[in-house]
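Novice: 3D, please:
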Amino acid sequence: MIAPTVAHLELVRDDGQALDFNPGQFIQVHFELADGTPARRSYSIASVRDRPARPDDLVEIAVSYVPGGAATALFESLEVGESINAAGPFGRFCLMPNDANRRYLLIATGTGVTPYRAMLPLLEQQMQARGIEVVVLFGARSPAELLYGDEFRAFAEAHPNFRFIPCFSRELPEPGSAHDHPDVRHGYVQQFLDELAPSGDTDLAYLCGNPDMVDACFEALKDHGLAVPQIRREKYVSNK
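Specialist: Alright, predicted model coming up:
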């Protein structure tokens, strides 16, 4: 459990091969409901490739536990070594090789931050090759729900062109704690877009997570001059 209601799971293909995916894509887990009805749930791949300490065959996902949820029951019942059925990867919520922007605005709430974790090696390459800037604006209710926050903060400290801005809607970090930082904000991510001065001349924006946040930020970014193709979206809808 990486948050009170979010589990980090590590899977491997049963044929021992690595999953070929582009950071930002997702897998679909297929299972049956109690009445035998087929069901499926989608999970963004959180795996960070190009890390010597992490095997490349791991498929990592973050799963929100929903009370009474069918997928929650499935994952809670699994023991280490058991199998599930999954398909993929799917999706186009990815960094594109022909991107010519000068800055990425990566905006997320909850488990919507997982694709950005997977993108870190590619972002590092682009910062080195193109000198781009990257801002991750991440909304959570409290420090306990800041998924992979330590990793993003460490990445920001190691890369001057990378900025990590956690926005806490309910509870701020304790003074002097690991997440007590000048970039911490109190409120919702959409409240702090103006501070970043989005521009259609320089930026590409990614929105992932709560549909209300995605819609609000989409409209705000358009008001700042970003054209629709400059805003890439993926909404997460909670399913039981």
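Novice: The closest residue to Gly24 other than its chain neighbours: what secondary structure?
Specialist: Nearest residue to Gly24, sequence neighbours excluded (CB to CB, 6 or more residues apart in numbering): Cys94, at 3.8 Å. The C-beta positions use only the backbone N, C-alpha and C, and glycine is treated the same way. What DSSP: H, G, I helix; E, B strand; the rest coil gives for Cys94 is coil.
Novice: can I assume Cys94 is in contact with Gln25?
Specialist: Yes - if you go by CB atoms under 8 Å, Cys94 and Gln25 touch, sitting 6.5 Å apart.
Novice: Now Gln190. Its backbone dihedrals?
Specialist: Phi and psi for Gln190, reported as degrees, to the nearest 10, are phi -60, psi -20.
Novice: tell me what whichever strand or helix holds Ala73 is packed against?
Specialist: If you go by DSSP states H and E, Ala73 is part of helix 70-77. Helix 70-77 is packed against strand 26-32, strand 38-44, strand 59-64, with contacts defined by 3 or more CB pairs under 8 Å, 6 or more residues apart in numbering; DSSP states H and E.
Novice: now the first one against helix 70-77, angle please.
Specialist: Relative orientation of strand 26-32 versus helix 70-77 (axes from the mean of the first three to the mean of the last three CA atoms, to 10 degrees): 90 degrees.
Novice: Do a quick rundown of the strands in this structure.
Specialist: Remark: strands assigned in the chain by DSSP state E are 6-11, 26-32, 38-44, 59-64, 85-90, 103-109, 133-140, 162-168, 185-186, 203-209, 231-235.
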